[in-house]
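[1] here you go, sequence then predicted model.
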Amino acid sequence: MKRFEKIYSQGTVDVIEIWVDTETGVNYLWHKCANSGGLTPLLDENGAPIVTKE
């Protein structure tokens, strides 16, 4: 089983993806534009990580 699973993708050059850690359920936002990118956990309105429960 893969540790991370992509659940959303938008764009081709300016890319936004949402990835889920299959062990913890924590959602991450990946943004890539040209030669740079960044990864950050998705947070709810209280600043807690968004967790996907299976």
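    The structure has been received and is ready for your questions.
[2] so where do the strands sit in this structure?
    4-10, 14-21, 27-33, 36-41 (DSSP state E).
[3] out of those strands, nearest to residue 51?
    Closest approach to residue 51 among these is made by strand 27-33 (7.1 Å; Cβ to Cβ). All C-beta atoms are positioned from the backbone trio N, CA, C, and that covers glycine.
[4] what angle separates that closest one from strand 36-41?
    Counting by axes from the mean of the first three to the mean of the last three Cα atoms, to 10 degrees, strand 27-33 lies at 170 degrees to strand 36-41.
[5] before we move on, the earlier item: out of the strands of the chain, which comes closest to residue 54?
    strand 14-21 (9.4 Å).
[6] for the closest one, list the C-alpha coordinates in CSV.
    Coordinates of each C-alpha in strand 14-21 appear next as CSV, following Å, rounded to 0.1, in the frame of the first residue of the first chain:
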residue,chain,number,x,y,z
ASP,A,14,0.3,25.9,-12.3
VAL,A,15,-0.5,22.7,-10.4
ILE,A,16,-2.5,22.3,-7.2
GLU,A,17,-2.9,18.8,-5.7
ILE,A,18,-4.3,17.4,-2.4
TRP,A,19,-2.6,14.3,-1.0
VAL,A,20,-3.6,12.2,1.9
ASP,A,21,-1.2,10.3,4.2
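[7] redo the strands of the chain as CSV? Include distance to residue 51, mean pLDDT and mean neighbour count.
    Putting those into CSV (distance: least, Cβ to Cβ, whole Å; pLDDT from 0 to 100; neighbours: other Cβ atoms under 10 Å) gives the following:
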stretch, distance to residue 51, mean pLDDT, mean neighbour count
strand 4-10, 13, 97, 11
strand 14-21, 9, 97, 16
strand 27-33, 7, 97, 16
strand 36-41, 10, 97, 10
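[8] any idea which of the ones you listed gets closest to residue 52?
    Once the strands of the chain are compared by Cβ to Cβ, strand 14-21 is nearest, at 5.1 Å.
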